[in-house]
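Asks: below: sequence and its predicted model.
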Amino acid sequence: MAGRHRLFAVGRDTPARAAAQPAPEPEPPDDDGVLLELVASGDAGAFDELYTRCAPMVHGMALRVLRDPSQAEEVTQEVMVEVWRTASRFDAGRGNARSWLLTMARRRAIDRVRSSQAAADRDVRVGASAMGREFDEVSEAVWHRLESQQVRHCLGSLTALQRQAIDLAFYGGRSHREVSDELAVPLGTVKTRLRDGLIRLRDCLGVPS
Amino acid sequence: MTDDVHLLTGAYALDALDDDDRQWFEEHLAGCEPCRREVYSLRAAAVALGEAVAVPPPPSLRHRVLAEISATPQQAPAAPRAVPGLPRRTAAPRPRRTRWPAVAAAAALVLAGGGAAGAGIELVRGRQADQRAARQAERLVAIAGDPAARRVSGAVTGGGSATVFVSGSEAALITTDLPALPADEVYQLWLVRPGAVVSAGLGPGGDSAAGRWSRLLTGVRPGDKVAISVEPTGGSAQPTTTPVTVLQA
């Protein structure tokens, strides 16, 4: 069933049409960005606060990709120290602080997996779906948290194919080309599923666009 | 199938592009504002996906991280700041020590650092200090970001400026471009009110006093002035030098 369906354009809203929209609303304040500014000037108290706010996401992401708690802790430590070291390099114009940390966490975790000796191990680690029916104990506990429940509810507004693509790319650490290869669907189809799925998720969560 | 470049916003927001594709798309982004806006909002959805699997790490990790950063130098910003270099205090003699006029005898003492009384107690103090620091940082961000907070700025003698945001009985003090101090000196904060000058805590000292730092002041009363003076390491019971800045809170 997977990959054989033709995913025709579902309610495409291309950026070209966005030109007719009214001026964008001012962006919401980025509290983590404010903290990052303070961290950049050497403020350890601000770093401690940033750690409280963001370490669970960094750690959870590493745990999801690596499955191994001790490696996840190592990656979390590496990421948070790197945040301290390079806070001044954060470019607020390119996104908010939390997405910067998330990207760092995912990349480091994925790099670790890719450099692992046994390719077979890697498939086992990143293969299982965070959004599929089988959860391991840790994932189940995580999905009961309030924020997770909201995301899980909103993921319900995606098509199965969009969920699958996002799962492989985001939680599974695949590039969009790898997703295209694995599912044997054209690259453009993968791009569309990722974009449309993420737009639906965004709109359901009520993120301003 | 035509390859519509704008379609890559989703993959990019999920960071699912390999290096070549990513670089190529970023070049596109530089000239496509609708794509940039879309990427910004889709990234927020990606963060939600990340938060959905958040798992707090064990408390021991925090201590390891804080220990490591205390030994980790920070990278300077890529682009030079507007003010070139920070003026350093020369080896010139200290400013003449003068007592402030009309200072009452009673004054709050600066909190003294705890003496070592055993590893267990130090660890608890360390954790409490961590928690205090975290709460302080939280309050600082909240006050500085509060549109209803009163805000006063002023120049600092020797260089730089200080800004105070006041909200209720708390104030956030944020400094910019202050000069470094000799290793045995420290900035100290004061609340000045009729008949009394009260210590509001210590700022950084030595080299780390340079540039930007921030402190949370509590117990601020209406009419108070916030002052910063240079004191010997460990602080003083009352200012022993003319303050480098005085701001009406």
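Replies: Perfect, I can see it now. Numbers count the residues shown, from 1 in each chain, chains lettered A, B, ... in the order given.
Asks: in stretch B:167-185, what's buried?
Replies: B:167, B:170-182, B:185 (16 or more other Cβ atoms under 10 Å in any protein chain shown). C-betas here are computed from N, CA, C, even on glycine.
Asks: where do the helices sit along the chain?
Replies: Using chain A here. A:15-18, A:31-40, A:44-66, A:69-86, A:97-114, A:119-127, A:137-142, A:146-155, A:160-166, A:176-183, A:187-205 (DSSP state H).
Asks: the intended chain is chain B.
Replies: Using DSSP H, helices in chain B cover B:9-13, B:19-30, B:33-51, B:59-69, B:119-144.
Asks: check chain B for the residue nearest chain A and tell me.
Replies: Residue nearest to chain A within chain B (Cβ to the nearest Cβ): B:Gly10, separated by 3.1 Å.
Asks: what's the closest non-adjacent residue to that residue?
Replies: Excluding its sequence neighbours, the residue lying closest to B:Gly10 (Cβ to Cβ, 6 or more residues apart in numbering or on different chains) is A:Arg195, at 3.1 Å.
Asks: what stretches of the chain score poorly on pLDDT?
Replies: Assuming you mean chain A. A:1-29, A:93-94, A:117-144 (pLDDT under 70).
Asks: the intended chain is chain B.
Replies: If you take pLDDT under 70 as the line, chain B has these spans: B:1-3, B:78-135, B:137.
Asks: and the strands in it?
Replies: B:150-155, B:161-167, B:170-178, B:185-193, B:196-205, B:211-218, B:225-232, B:245-248 (DSSP state E).
Asks: would you turn those strands into CSV with distance to A:Leu183?
Replies: Formatted as CSV, the strands of chain B follow (distance: least, Cβ to Cβ, whole Å):
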stretch, distance to A:Leu183
strand B:150-155, 55
strand B:161-167, 53
strand B:170-178, 51
strand B:185-193, 60
strand B:196-205, 55
strand B:211-218, 50
strand B:225-232, 62
strand B:245-248, 62
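Asks: now the ones you listed as JSON lines including distance to chain A?
Replies: Formatted as JSON lines, these follow (distance: least, Cβ to the nearest Cβ, whole Å):
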{"stretch": "strand B:150-155", "distance to chain A": "15"}
{"stretch": "strand B:161-167", "distance to chain A": "12"}
{"stretch": "strand B:170-178", "distance to chain A": "9"}
{"stretch": "strand B:185-193", "distance to chain A": "14"}
{"stretch": "strand B:196-205", "distance to chain A": "8"}
{"stretch": "strand B:211-218", "distance to chain A": "4"}
{"stretch": "strand B:225-232", "distance to chain A": "16"}
{"stretch": "strand B:245-248", "distance to chain A": "18"}
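Asks: for these, which one sits closest to A:Gly42?
Replies: Taking Cβ to Cβ, strand B:211-218 is the member of the strands of chain B nearest to A:Gly42, at 7.2 Å.
Asks: could you pull out the buried residues of that closest one?
Replies: For strand B:211-218, by 16+ other Cβ under 10 Å, it's B:211-217.
Asks: count of neighbours near B:Gly50?
Replies: 25 (other Cβ atoms under 10 Å in any protein chain shown).
Asks: got a list of what the residue of chain A found nearest chain B touches?
Replies: Proximity of chain A to chain B (Cβ to the nearest Cβ) peaks at A:Arg195, 3.1 Å away. A:Arg195 makes contact with B:7-11, B:42, according to Cβ atoms under 8 Å, 6 or more residues apart in numbering or on different chains.
Asks: and those residues, which is closest to A:Leu101?
Replies: Using Cβ to Cβ, the contacts of A:Arg195 come closest to A:Leu101 at B:Leu42, 16.8 Å.
Asks: contacting residues for the residue sitting nearest the centre point of chain B?
Replies: Centroid-nearest residue in chain B, with Cα atoms, centre = their mean: B:Ser214, separated by 3.7 Å. For B:Ser214, the contacting residues are A:38, A:43, A:46, B:140, B:172-175, by Cβ under 8 Å, 6+ apart.
Asks: again, only using 6 Å
Replies: Applying Cβ atoms under 6 Å, 6 or more residues apart in numbering or on different chains to B:Ser214 gives the contacts B:140, B:174.
Asks: and if you look at B:Gly223?
Replies: In this structure, B:Gly223 makes contact with no residue, judged by Cβ under 6 Å, 6+ apart.
Asks: how near is it to B:Pro194?
Replies: From B:Gly223 over to B:Pro194 the distance is 8 Å, taken as Cβ to Cβ, to the nearest Å.
Asks: to B:Ala200, which of the helices of chain A lies closest?
Replies: Here helix A:44-66 is closest among those (Cβ to Cβ), at 15.8 Å.
Asks: for the closest one, which helices and strands make contact with it?
Replies: helix A:31-40, helix A:69-86, helix A:97-114, helix B:33-51, helix B:119-144 (3 or more Cβ pairs under 6 Å, 6 or more residues apart in numbering or on different chains; DSSP states H and E).
Asks: of all residues in chain A, which one is nearest the centre?
Replies: A:Phe170 (5.2 Å).
Asks: skip the chain neighbours and tell me the closest residue to that one.
Replies: Using Cβ to Cβ, 6+ apart, the closest residue to A:Phe170 is B:Leu14 (4.9 Å).
Asks: hmm, that neighbour is touching A:Tyr171, no?
Replies: No. Judged on Cβ atoms under 6 Å, B:Leu14 makes no contact with A:Tyr171 at a distance of 9.8 Å.
Asks: which of those two has more neighbours?
Replies: Shown here are B:Leu14 and A:Tyr171; by other Cβ under 10 Å, B:Leu14 has more neighbours (27 against 23).
Asks: where's that one relative to A:Arg195, distance?
Replies: For B:Leu14, the distance to A:Arg195 - Cβ to Cβ - is 10 Å.
Asks: just B:Leu189 next, same as before
Replies: Taken as Cβ to Cβ, the span from B:Leu189 to A:Arg195 is 51 Å.
Asks: how about the contacts made by B:Gly201?
Replies: Here B:Gly201 is in contact with B:Leu189 (Cβ under 6 Å, 6+ apart).
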